[in-house]
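> Structure of the sequence below:
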Amino acid sequence: MSAQLNQHLGKKLRLRRTSLGLTQTQVAKAINVTFQQIQKYEKGTNGVSSARLLQLANFLKVPIKYFFEDYQDFSSTNESNQSSKDINYSFLVRLFNDLEQQQKEKLLDVLGDNRGLKKAI
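Numbers count the residues shown, from 1 in each chain. Model prediction:
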């Protein structure tokens, strides 16, 4: 596996892990490796086997193709782009729903709500 691909996979792993609020230790325990191994994956020092990548995808609740999105050699179709958008949308909706009412209102104010979104919350 190329160093460039290892670094890309590591960045995607770190992005998803941090977006879920997980520590390297939590991810490591879930797939039965050390947190140091997760560090090496995230830095791109070590390559991730296909079996490990599948474990990570399952634990982080993303399709395996998530790790290859935006990689220069990965040819994505409109379907995979839509799938990625759906995942991101779902993630944002969950985040928004977890906010307190006052936080929701502040966020909508920052976004310049002029579409009546405040009425929906």
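> Torsion angles phi and psi at the spatially most central residue of the chain?
Centre of the chain computed as the mean C-alpha position; nearest residue by C-alpha atoms, centre = their mean is Arg16, 2.7 Å away. Note on Arg16: backbone dihedrals following degrees, to the nearest 10 are phi -70, psi -40.
> just use 566 as the starting number from now, easier for me
Will do, 566 is the new start, and the previous item becomes Arg581.
> quick one: contacts for the residue nearest to it when sequence neighbours are not counted?
Nearest non-adjacent residue to Arg581, counting by C-beta to C-beta, 6 or more residues apart in numbering: Leu625, 4.8 Å away. All C-beta spots, glycine's among them, are computed from the backbone N, C-alpha and C. For Leu625, the contacting residues are 578, 581-582, 585, 587, 592, taking C-beta atoms under 8 Å, 6 or more residues apart in numbering as the criterion.
> 10 Å - rerun?
The neighbourhood of Leu625, defined by C-beta atoms under 10 Å, 6 or more residues apart in numbering, consists of 577-578, 580-582, 584-585, 587, 592, 595-596, 631-632.
> do the same with Asn597
Neighbouring residues of Asn597 by C-beta under 10 Å, 6+ apart: 617, 620.
> And the helices in the chain?
Chain-ordered helices for the chain, with DSSP state H as the definition, fall at 568-584, 589-596, 600-608, 615-625, 643-663, 666-675, 682-685.
> out of those helices, nearest to Gln637?
Ranking those by proximity to Gln637 (C-beta to C-beta) places helix 568-584 first, at 8.1 Å.
> for that closest one, what is the average pLDDT?
The predicted model assigns helix 568-584 a mean pLDDT of 91.
> same for it, what does it pack against?
helix 589-596, helix 600-608, helix 615-625, helix 643-663 (3 or more C-beta pairs under 10 Å, 6 or more residues apart in numbering; DSSP states H and E).
> Alright, calling it a day.
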